[in-house]
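> predicted model and sequence follow; I will ask about them next.
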Amino acid sequence: MKRTGTFRWSLLLALVFALAAGTSWAALTDADAVFLTVDNTYTAATLGTIEMASPDVISQNLVTGLGVDPMGFVVEIWGEKKILLREYKGSGTADTVSLYPGEDWSGPVAQKAFGDNIQQAQVEGDYLYVANWGNTGLRPGSIEQYDVADFLDGTADVEPVETLSFDDGDAFTDQVKDFRIVDGYLYALVSDVDGTFTYDAGRLYKISLPDMTVVDSLNVGKNPGAAVTKAAMALYGNALYVACFGGGYGGALEPSLVKVDLTAFTATVIDDGSALPDTTYGYCGLAVASDGALLVNVASSNWLNPTLLYRTTVGGLEAAALADDFWEDKEVDLSEVAYGLGIGFGGTLFFDGATDRFWVEGSYAAVTIDRAGALLRAYEATELGGNPYDLLPAAGLSFSGEILRPSGGSSGGCNGGFVPAGLLLLVPLFLLSGRR
């Protein structure tokens with residue numbers, strides 16, 4: 001049969017659809033933030049999303065039944081950003097760790113049991129690194145390294161490739177609070193605490209990757225991050241800034257903000273907490289914007305006192321933070337938030353370049369703050385469908401359920417990019433077919 005022009009263009013149209021199907025993995029979520037909530041009894045948790053619009057689109061209960069103590073992390077696996085959720089089971093039982101696409105929340109693309117009260121997670125190359133808190137005064141924490149391919153494989157067992165613990169021989173249990181990966185090194189923040197919640201100085205460990213060897217360590221303040229573990233440190237330039245609560249709950253604190261120069265690997269106390277409202281207040285977390293604007297989360301060892309936010313700059317903090325009146329004019333005005341951020345531990349915070357604002361989670365509300373320290377928006381518990389419990393940036397999340405290792409076995413690049421590229425090579429052949 002003679003091929004007509006209509007037939008030829010039908011083939012080309014089919015090819016276009018094939019190309020579209022082959023590139024569907026690259027579609028990104030419309031959400032700007034992912035949040036977790038808990039009910040008033042703190043026994044049931046759910047996941048939802050926020051899309052900034054006019055008005056904002058808040059989607060509740062996209063994932064339900066998450067259990068008592070969930071926590072989320074954004075991980076990038078071979079070029080695909082996903083949400084990693086962990087559910088703490090307690091009593092030495094491994095966490096349930098689930099990987100979700102950024103928009104299709106119908107079920108995880110991977111789910112395994114591993115870790116022990118995971119407080120931070122990040123993928124580097126072919127490995128997933130997790131920080132285990134353990135159990136205060138009972139089980140020590142650790143950094144564990146897992147093979148990403150084993151986690152994604154529905155049939156493979158998941159066992160750590162390497163485990164690194166931090167027992168320094170004293171009477172305190174070493175709990176891992178947070179870590180950052182910078183230029184081939186993992187910087188692990190470890191808190192020393194005993195079963196009575198008495199704290200010794202925390203330490204920051206410099207660990208080479210992927211061999212998981214401790215290169216160096218240094219002291220920071222007591223109880224870094226308190227309960228706001230994954231915001232206990234912020235990277236700016238070639239330095240890590242560490243928020244140290246200064247002790248346990250119920251007594252006077254010795255708070256500090258510590259700068260760690262990553263080149264020299266030295267620590268300097270740049271704020272001793274003397275300008276805070278009283279000795280029950282300590283630093284729980286901090287976040288830094290690209291221009292050096294800095295937001296600090298401050299909570300009290302007295303559970304009835306409110307959580308506070310202060311805004312300054314990295315330069316201003318380093319120049320004058322030891323002054324006794326430094327924070328007096330730097331408190332963020334939250335008077336328009338019905339119940340403020342809340343009381344107790346305070347919550348996580350981060351700066352999101354995609355939305356150009358700080359996001360802060362409190363026990364009563366989540367809020368957004370601009371670089372200058374002004375309140376932009378409050379998301380009350382009634383809007384979110386429960387009490388805020390965690391908050392994550394959603395920019396760049398891919399909602400494809402398929403995660404492919406790049407060709408050649410190395411990390412990086414665009415997953416599956418070879419599919420549309422190969423199809424494109426066929427376009428001239430279709431256009432030329434039937435030409436006489």
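Perfect, thanks for sending it.
> which stretches in the stretch 1-150 of the chain count as strands?
33-38, 45-51, 57-63, 70-77, 80-87, 96-100, 110-113, 118-124, 127-132, 142-147 (DSSP state E, counting those that start in this stretch).
> ok and the third one relative to strand 33-38, angle-wise?
This means strand 57-63. 50 degrees (axes from the mean of the first three to the mean of the last three C-alpha atoms, to 10 degrees).
> tell me which residues of strand 57-63 come out buried.
For strand 57-63, burial by neighbour count (16 or more other C-beta atoms under 10 Å) applies to Ile58, Ser59, Leu62, Val63. From N, CA and C alone the C-beta is placed, and that goes for glycine too.
> go on, the second one?
Neighbour counts over strand 45-51 (16+ other C-beta under 10 Å) mark Ala45, Thr46, Leu47, Gly48, Thr49, Ile50 as buried.
> for the nearest residue to Asp69 once chain neighbours are set aside, report the pLDDT, please.
Take Asp69 and drop its neighbours on the chain: the residue closest to it by C-beta to C-beta, 6 or more residues apart in numbering is Tyr88, 4.2 Å away. Listed pLDDT for Tyr88 reads 90.
> thought Tyr88 was touching Asp95?
Yes. Using C-beta atoms under 8 Å, Tyr88 makes contact with Asp95 at a distance of 5.7 Å.
> dig out what the residue nearest the centre of the chain forms beta bridges with.
In the chain, the centroid-proximal residue (C-alpha atoms, centre = their mean) is Phe73; its distance is 4.1 Å. Going by DSSP bridges, Phe73 is paired in beta bridges with Leu84.
> gap between it and Ile58?
To Ile58, Phe73 is 22 Å away according to C-beta to C-beta, to the nearest Å.
> Leu375 now?
For Leu375, the distance to Ile58 - C-beta to C-beta - is 18 Å.
> again with Ala131
Separation of Ala131 from Ile58 (C-beta to C-beta) stands at 30 Å.
> just flag the most distant two among the buried residues of strand 57-63.
Pairwise distances across those peak at 14.7 Å for Ile58 and Val63 (criterion: C-beta to C-beta).
> about what we covered before: you'd agree the residue nearest to the centre of the chain is up against Leu84?
Yes. Contact criterion C-beta under 8 Å: Phe73 and Leu84 qualify, at 4.6 Å.
> joint contacts of the two?
Residues within reach of Phe73 and of Leu84 at once, by C-beta atoms under 8 Å, 6 or more residues apart in numbering, are Ala121.
> looking at the buried residues of strand 57-63, which one is closest to Ile343?
For the buried residues of strand 57-63, the nearest to Ile343 is Ile58 (23.9 Å; C-beta to C-beta).
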